[in-house]
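Novice: Need coordinates for the below:
(chains A, B, C and D)
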2 protein chains.
Amino acid sequence: MEPRAPNIQLNAAFAALSDASRREMIRMLLQKPRRAGELAACVDMSPQALSRHLRVLRKAGLVSEQGIEDDARVRIYSVHPAAFQPVQQWMAQVEDLWRRQLQSFKAYAENPRRGRHKT
Amino acid sequence: MEPRAPNIQLNAAFAALSDASRREMIRMLLQKPRRAGELAACVDMSPQALSRHLRVLRKAGLVSEQGIEDDARVRIYSVHPAAFQPVQQWMAQVEDLWRRQLQSFKAYAENPRRGRHKT
DNA sequence: TAATTAGTTAACCCATTGGTTAATATTTAC
DNA sequence: GTAAATATTAACCAATGGGTTAACTAATTA
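Specialist: Next comes the predicted model:
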């Protein structure tokens, strides 16, 4: 096992979230699953551009699509919350590491002779 | 105040985090503040490439630099944890919205209007 | 002073992103 | 049947991202 997994999925998730329109789409889809057209009304862009953003979200695994019965034109998009987990885990790691650092700072402040700390 | 702020900062933060090398740099800097050269040893890239990544992180506000007194060549980089807050807040919002709609979604998933489930 | 060290910036190159228009399915309306 | 509505994909184009080499600044050292 490599110590340095590429973590493509995590890259894609963060990248997908770096666009305000896509974040807005996710919020919309969190309220309820919707078709592309309903999203278009909210984010105000061409169907083509929207479709691309949906593809980015899909490839990142953040949303999933589901065809409906008798109309192949329409697909229902919904948020796939499991895909957010790696992101949240990474953020939690950061928070944890930061907390530890705070403690070491605090320890230094309480007992400064032990180490050399530049603020 | 606009109801729809572009949230450039949030965009930049997510984008900055979408690169594995930059995430690794952040982890390194969370252990302790370091100079550029120390980071280079970890992420194994040219000083120029590294410097660019540092600039991305700086512009996103995720890390801050601090010159040392008697050598202007060297700057100490450290994580600026406050910049992670918008990201965490957004993620928390998502989690919250998801929890609120969990019942509806569960009903939706357990009683799909249609069969074709392309998870 | 010249050379080395530490690091950033500039110029360039190539791959990707994201938008547009045009073309393509598929269902509904006429 | 044809046309309109609902989307997606293809082809194209401008802008960005990220890497490289070269050039640059500032400090240390010979």
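Novice: which residue does chain A bring closest to DNA strand D?
Specialist: residue A:37 (2.1 Å; CB to the nearest atom of the strand). All C-beta atoms are positioned from the backbone trio N, CA, C, and that covers glycine.
Novice: What residues does chain A have near DNA strand D?
Specialist: Residues of chain A found near DNA strand D (CB under 7 Å from any atom of the strand) are A:35-38, A:40, A:47-48, A:50-52, A:54-55, A:65, A:73-75.
Novice: which among those are in contact with DNA strand C?
Specialist: A:48, A:52, A:73.
Novice: who wins for most neighbours among those residues?
Specialist: Neighbour counts for these (other CB atoms under 10 Å in any protein chain shown) peak at residue A:52, which has 12 neighbours.
Novice: ok, the host helix or strand of it near chain B or not?
Specialist: Secondary structure assignment for residue A:52, by DSSP states H and E: helix A:47-59. No - taking CB under 8 Å from any CB of the partner chain as the criterion, helix A:47-59 and chain B are apart, separated by no less than 10.0 Å.
Novice: State which strand of chain A is the longest.
Specialist: strand A:71-79 (DSSP state E).
Novice: Please point out which parts of that one sit buried.
Specialist: Buried residues in strand A:71-79, counted by 16 or more other CB atoms under 10 Å in any protein chain shown: A:75, A:76, A:77, A:78, A:79.
Novice: Out of those, which one has the lowest pLDDT?
Specialist: Note: of the buried residues of strand A:71-79, the lowest pLDDT belongs to residue A:75, at 92.
Novice: Nearest residue to that one in space, please, no chain neighbours.
Specialist: Excluding its sequence neighbours, the residue lying closest to residue A:75 (CB to CB, 6 or more residues apart in numbering or on different chains) is residue A:65, at 4.5 Å.
Novice: How about the secondary structure of that neighbour?
Specialist: Following DSSP: H, G, I helix; E, B strand; the rest coil, residue A:65 is assigned to strand.
Novice: can you give me the helices in chain A?
Specialist: With helices called from DSSP state H, chain A shows them at A:8-17, A:20-31, A:36-43, A:47-59, A:84-110.
Novice: could those helices go into a markdown table alongside mean pLDDT?
Specialist: Compiled in a markdown table, those are given as follows (pLDDT from 0 to 100):
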| stretch | mean pLDDT |
| --- | --- |
| helix A:8-17 | 96 |
| helix A:20-31 | 96 |
| helix A:36-43 | 92 |
| helix A:47-59 | 97 |
| helix A:84-110 | 85 |
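Novice: possible to save those helices as JSON lines with distance to residue B:91?
Specialist: Formatted as JSON lines, the helices of chain A follow (distance: least, CB to CB, whole Å):
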{"stretch": "helix A:8-17", "distance to residue B:91": "9"}
{"stretch": "helix A:20-31", "distance to residue B:91": "11"}
{"stretch": "helix A:36-43", "distance to residue B:91": "20"}
{"stretch": "helix A:47-59", "distance to residue B:91": "16"}
{"stretch": "helix A:84-110", "distance to residue B:91": "6"}
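Novice: Quick one: closest of these to residue B:7.
Specialist: helix A:20-31 (5.5 Å; CB to CB).
Novice: Any chance you could list what contacts that closest one?
Specialist: A:16-17, A:34, A:38-39, A:42-43, A:45, A:50, A:53-54, A:56-57, A:62-63, A:77-79, B:6-7, B:10-11, B:90, B:93-94, B:97-98, B:101 (CB atoms under 8 Å, 6 or more residues apart in numbering or on different chains).
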